[in-house]
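Colleague: fold the following, please.
(chains A, B, C and D)
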2 protein chains.
Amino acid sequence: MRQSREAKAETHQAIVAAAARRFRERGIEGTSVGDVMQAANRTHGGFYRHFDSKEDLLVAALGRAFEEMIAGLEHALAHVPAERALGGFVRGYTSVGRVADVGGGCPVAALSNDVQRSNEAVQAEFGRGVRALIASLAAHLEGPQAKREARAARTFAMAAGAVMIARASDQATADLVLAAVRDEVPRHASTPASAPAGPRELL
Amino acid sequence: MRQSREAKAETHQAIVAAAARRFRERGIEGTSVGDVMQAANRTHGGFYRHFDSKEDLLVAALGRAFEEMIAGLEHALAHVPAERALGGFVRGYTSVGRVADVGGGCPVAALSNDVQRSNEAVQAEFGRGVRALIASLAAHLEGPQAKREARAARTFAMAAGAVMIARASDQATADLVLAAVRDEVPRHASTPASAPAGPRELL
DNA sequence: TGAATAAGATGACCATCATCATCTTAATTT
DNA sequence: AAATTAAGATGATGATGGTCATCTTATTCA
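Modeller: Numbers count the residues shown, from 1 in each chain, chains lettered A, B, ... in the order given. Sure thing, here's the model as predicted:
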């Protein structure tokens, strides 16, 4: 039965939201169109009224995941002084809860390898998200523009790398890597080592 | 026709080698048993004389990939002074050639997300490889044992994270992230910023 | 040497999946 | 309100892929 414009828009959002979660949880190849539609409480047939292909959905889902990620980051860092921003980011990003929440977490940590094997349209969207994320983080730091961006990029790469490695490893190895990254953030971020610890879980 | 023990051993090695490459290039789900056997110049039917399942093959392939990776690392760092080891590692790891060579490169950078979704046996093997890799890197650094290991882990996470992000992104974003990581290694690694640059591509 | 064994080839099985065609029915349009 | 349109459901379809059964033939063991 035909649905109203609003109903369609709702369905569309539901599909994207379900996809954003499923793709992160199970990967691109591990997520079927049918899975996504079921998670969105719809049947598989209606899918192609919304997207031309699974890959189209992936682009939309990536956009959504990055938006959520950046919104969360902005919220968490909104009132944090610049000297503590990077340390807070890393501690939050590598926290136990966040590492466990693959489906609701950072798309970079969940899907980099999958996107690596995807086509240019997907990689372009991913790159856009990465740049936005780095810019957002850099905006909360101090110092000259170029330096801030480089520091944000470097720190983000470290945190995302650590989470990816931790999630793929046994518990002992995961702990080793996460601890190494968490403990050394202040020094790594060129922040005075004597700076107060600050909140442990900003994100 | 039945093959001799040696012939079987050769086949076994060929399968593992082909799998180690294919898995890195196309991911776990993107690589079929048939693909691997074809790359090893065999037909798919013989596969189960060598492995109980695709997942068994994956464990063997991961072991192989880590071995290669660590051997290369040892070779590259053999005669490098401790102060330059980390910087050399990062520059080599993030070099254009290495970033391009997914199939012959680091299993962490190629398969972390895939392994994340695999079972415990696979993750145990992956964790073993990660620890061996970090230990190998740490052995080339100076300072107290615990510090060396933490620094190695942190730096490896950063390098692997950067390569994963770069491979998943458009060229401009990739360049941005890789440059940030490459340029700041000495500082990041707690090496005197004034240290001579040293060789650019150790690995 | 002869019997037992097993490596690898061929082909089949069953499941999964992306995509499409068709149908129903309600929303839009005229 | 009648005619048109399209959202979503149902049910193919063709392709792919992990695994297994079977067959051949060379190897290995007695």
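Colleague: so which helix or strand takes in residue A:142?
Modeller: Element membership for residue A:142, per DSSP states H and E: none, as it lies in no helix or strand.
Colleague: and for it, the neighbour number?
Modeller: For residue A:142, the count of nearby residues is 12 (other C-beta atoms under 10 Å in any protein chain shown). (Glycine included, C-beta is placed from N, CA and C.)
Colleague: what's the local residue count around the residue lying closest to it once chain neighbours are set aside?
Modeller: In this structure, residue A:142 finds its nearest non-sequential neighbour in residue A:82, 4.0 Å apart by C-beta to C-beta, 6 or more residues apart in numbering or on different chains. For residue A:82, the tally of surrounding residues (other C-beta under 10 Å) stands at 14.
Colleague: in contact with residue A:82, which residues?
Modeller: With contacts defined as C-beta atoms under 8 Å, 6 or more residues apart in numbering or on different chains, residue A:82 is in contact with A:140-142.
Colleague: what does the model give it for pLDDT?
Modeller: For residue A:82, the model assigns a pLDDT of 95.
Colleague: could I get the phi/psi values of it?
Modeller: Summarising the backbone geometry of residue A:82 under the convention degrees, to the nearest 10, its torsions are phi -50, psi -40.
Colleague: how about the contacts made by residue A:142?
Modeller: A:82-83, A:148 are the contacts of residue A:142 under C-beta under 8 Å, 6+ apart.
Colleague: switch the cut-off to 10 Å
Modeller: With contacts taken as C-beta atoms under 10 Å, 6 or more residues apart in numbering or on different chains, residue A:142 has the following neighbours: A:81-83, A:85, A:148, A:151, A:191.
Colleague: sorry, back to before: now, which of the contacts of residue A:82 sits nearest residue A:158?
Modeller: Minimum distance to residue A:158 across these is 14.8 Å, recorded for residue A:141 (C-beta to C-beta).
Colleague: how many residues are close by the closest one?
Modeller: Here the number of neighbours of residue A:141 (other C-beta under 10 Å) works out to 22.
Colleague: swap in residue A:119?
Modeller: The criterion is other C-beta under 10 Å. On that basis, residue A:119 has 11 neighbouring residues.
Colleague: residues contacting residue A:43?
Modeller: Shown in contact with residue A:43 (C-beta under 10 Å, 6+ apart): A:34, A:37.
Colleague: how close does it get to residue A:33?
Modeller: 11 Å (C-beta to C-beta, to the nearest Å).
Colleague: what residues are up against residue A:74?
Modeller: Applying C-beta under 10 Å, 6+ apart, we find residue A:74 in contact with A:136-137, A:139-140.
Colleague: what segments of chain A are helices?
Modeller: A:5-26, A:33-39, A:54-77, A:82-93, A:96-100, A:107-116, A:120-138, A:145-168, A:171-183, A:185-188 (DSSP state H).
Colleague: which of those helices sits most buried?
Modeller: Each of the helices of chain A was given a mean neighbour count from mean count of other C-beta atoms under 10 Å in any protein chain shown, and the largest, a mean of 27, is that of helix A:107-116.
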